[in-house]
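Trainee: Show me how the following folds:
(chains A and B)
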Amino acid sequence: MKEKGLFQSVNFESPFKGDSKKVSNNDDELTVIGSSTVIEGKENSKIICGGNIEIMGYVKGLVDVAGSADIYGTVDGLVNAEQLTAEEGSKINGDINCRTKLSITGSSVVGNIKAKNAYVNASIKGNIESANELKIAGNSVIEGNIITGSISIESGAVVVGNLAVRKQK
Amino acid sequence: MSEDNRNPQDLDEILERIESIDDVKEVEVPLFESIKFESPFKDDKKSASYFAAPTRVEDNDGEYTVIGSSTVIDSNISCGGNIKVKGQIKGNVSVNGSADIYGTIEGDIQANDVTLETGAKVLGNIICKADVNAVSDSSIVGNIAAKNAYINSNVEGDLEIINELKITSTGSITGKIVTGSISVASGAVLNATISIKR
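Mentor: Residues are numbered from 1 along each chain as shown, chains lettered A, B, ... in the order given. I've put the predicted structure just below:
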């Protein structure tokens, strides 16, 4: 009973076949996914972005960003970014790999987090691995194991899980 | 086996199958489900007239979604506002407002109006409530259904235009044309069957 995809019967030969753009790093560039925009609907959906991205709407699938990712909306999927900021009200259902600075404020994350430096003031279900420094602010609720180079936990934070603090060599 | 002597076991099976069919239907809601555009190319497999209004996204006039030039999206997009595509999209794009295309789209576009800028490429069908505006050095492979169309570019596909079709001197169309009125500038290349209906 699988439904036939839209225009599946159309077999144009693509004139742009060899045209697939290689994603190049582009520091100044900003891709904006507006708040009423929904990106989903294909298997293995993905966004690959050479610059920076702002997500206010809904994205389902992999998000791979060379620069920084600012998330105000919802992402269902893995997020890779140089820098990531999740703002108040945002939701991430999937792992986060952040090469440098991660900041999560007032959002909810279900997934494992890897970052160099991380600031968390949010609800997180998943493990956190921070190579350098992890700051957990007072409104955080964290369910998961933590491995970090150094840690500070503000009073009021709820943390359930194992904690390992190891100095990086 | 005739219908009359089915035993209860068969009935159960049938019921089960009906339920499972419902499950599938609930899960898979295609982006452009109901198809209400009446097409003169109905029996043509390549016809553009497959779309319906997007239902899931809310209207948002002032909003802009921008797909940067180094961004590649392999997914469908529904957008309540407007969209600017400078990068590459592989998937269908459905926009309540206007779509400005500078990059490449491999998939169908539905929008209130569509503008193809220099260098834009569309492989897929375009359906527009209002105008399609394609400047020179852009190209479309697919069908176009719109109220008005201003073609300054290469089009390979069929056109159904309700009001006005303008083909300028750098325009080129290969396919069937059905339009309310047409104007062709000298220099345009046409390899098409044309029917003009008021």
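Trainee: The lengthiest strand in chain A pairs with which strands, and in what direction?
Mentor: Ranked by residue count, the top strand of chain A under DSSP state E comes out as strand A:113-125. Partner strands for strand A:113-125, per DSSP bridges, with pairing direction: strand A:96-98 (parallel), strand A:101-110 (parallel), strand A:128-136 (parallel), strand A:141-143 (parallel).
Trainee: quick one: buried residues of that strand?
Mentor: A:Ile113, A:Lys114, A:Ala115, A:Lys116, A:Asn117, A:Ala118, A:Tyr119, A:Val120, A:Asn121, A:Ala122, A:Ser123, A:Ile124 (16 or more other C-beta atoms under 10 Å in any protein chain shown). Using the backbone N, CA and C atoms, a C-beta is placed for each residue, glycine as well.
Trainee: Surely the first one touches A:Gly126?
Mentor: Yes. Using C-beta atoms under 8 Å, A:Ile113 makes contact with A:Gly126 at a distance of 6.3 Å.
Trainee: Find residues that contact each of these two.
Mentor: A:Asp95 (C-beta atoms under 8 Å, 6 or more residues apart in numbering or on different chains).
Trainee: so can I have TSV of the strands paired with strand A:113-125 showing mean neighbour count, mean pLDDT and distance to B:Arg17?
Mentor: Output for the strands paired with strand A:113-125, formatted as TSV (neighbours: other C-beta atoms under 10 Å in any protein chain shown; pLDDT from 0 to 100; distance: least, C-beta to C-beta, whole Å):
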stretch	mean neighbour count	mean pLDDT	distance to B:Arg17
strand A:96-98	23	95	42
strand A:101-110	20	95	35
strand A:128-136	20	95	47
strand A:141-143	17	96	42
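Trainee: In contact with the most centrally placed residue in chain B, which residues?
Mentor: Residue closest to the mean C-alpha point of chain B, counted by C-alpha atoms, centre = their mean, is B:Ile126 at 3.5 Å. Contact analysis of B:Ile126 by C-beta under 8 Å, 6+ apart lists B:48, B:108-111, B:114, B:132, B:140, B:142-146.
Trainee: now A:Glu40
Mentor: By C-beta under 8 Å, 6+ apart, the contact list for A:Glu40 reads A:Tyr58, A:Val59, A:Lys60, A:Gly61, A:Asp76, B:Ser75, B:Asn76.
Trainee: Does A:Lys167 touch A:Gly149 like I think?
Mentor: Yes. A:Lys167 is in contact with A:Gly149 according to C-beta under 8 Å; the separation is 6.3 Å.
Trainee: of the two, who's got more company?
Mentor: More neighbours surround A:Gly149 than the other of A:Lys167 and A:Gly149, with 16 against 6 (other C-beta atoms under 10 Å in any protein chain shown).
Trainee: And the more buried one, how far from A:Val165?
Mentor: Distance from A:Gly149 to A:Val165, counting by C-beta to C-beta, to the nearest Å: 7 Å.
Trainee: Ok, A:Asn52 next?
Mentor: In this view, A:Asn52 and A:Val165 are 32 Å apart by C-beta to C-beta.
Trainee: Where does pLDDT dip in the chain?
Mentor: I went with chain A, as the question did not name one. Residue ranges of chain A with pLDDT under 70: A:1-27, A:168-169.
Trainee: oops, I was thinking of chain B
Mentor: Residue ranges of chain B with pLDDT under 70: B:1-8, B:18-61.
Trainee: sorry, back to before: just send the contacts of B:Ile126 back as TSV, with secondary structure and distance to B:Val155 too.
Mentor: Listed next are the contacts of B:Ile126 as TSV, based on DSSP: H, G, I helix; E, B strand; the rest coil; distance: C-beta to C-beta, whole Å:
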residue	secondary structure	distance to B:Val155
B:Ala48	coil	11
B:Asp108	coil	15
B:Ile109	strand	14
B:Gln110	strand	17
B:Ala111	strand	17
B:Val114	strand	12
B:Val132	strand	10
B:Ile140	strand	5
B:Gly142	coil	8
B:Asn143	coil	9
B:Ile144	strand	7
B:Ala145	strand	12
B:Ala146	strand	12
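Trainee: Separate out the buried members of these.
Mentor: B:48, B:108-111, B:114, B:132, B:140, B:142-146.
Trainee: List just the nearest of the residues you listed to chain A.
Mentor: Of all the buried ones among the contacts of B:Ile126, B:Asp108 has the smallest distance to chain A: 6.3 Å, by C-beta to the nearest C-beta.
Trainee: Show the end-to-end separation of stretch A:36-51, please.
Mentor: In terms of C-alpha to C-alpha, to the nearest Å, the two terminal residues of stretch A:36-51 are separated by 22 Å.
Trainee: List the buried residues of it.
Mentor: Neighbour-count burial for stretch A:36-51 flags A:36-42, A:45-51 (criterion: 16+ other C-beta under 10 Å).
Trainee: ok, now which ones touch the residue nearest the centre of chain A?
Mentor: Chain A has A:Val79 as the residue nearest its centroid, 3.2 Å off, counting by C-alpha atoms, centre = their mean. Contacts here follow C-beta under 8 Å, 6+ apart; on that basis A:Val79 touches A:Val63, A:Val65, A:Ala69, A:Ile71, A:Ile92, A:Gly94, A:Asp95, A:Ile96, A:Asn97.
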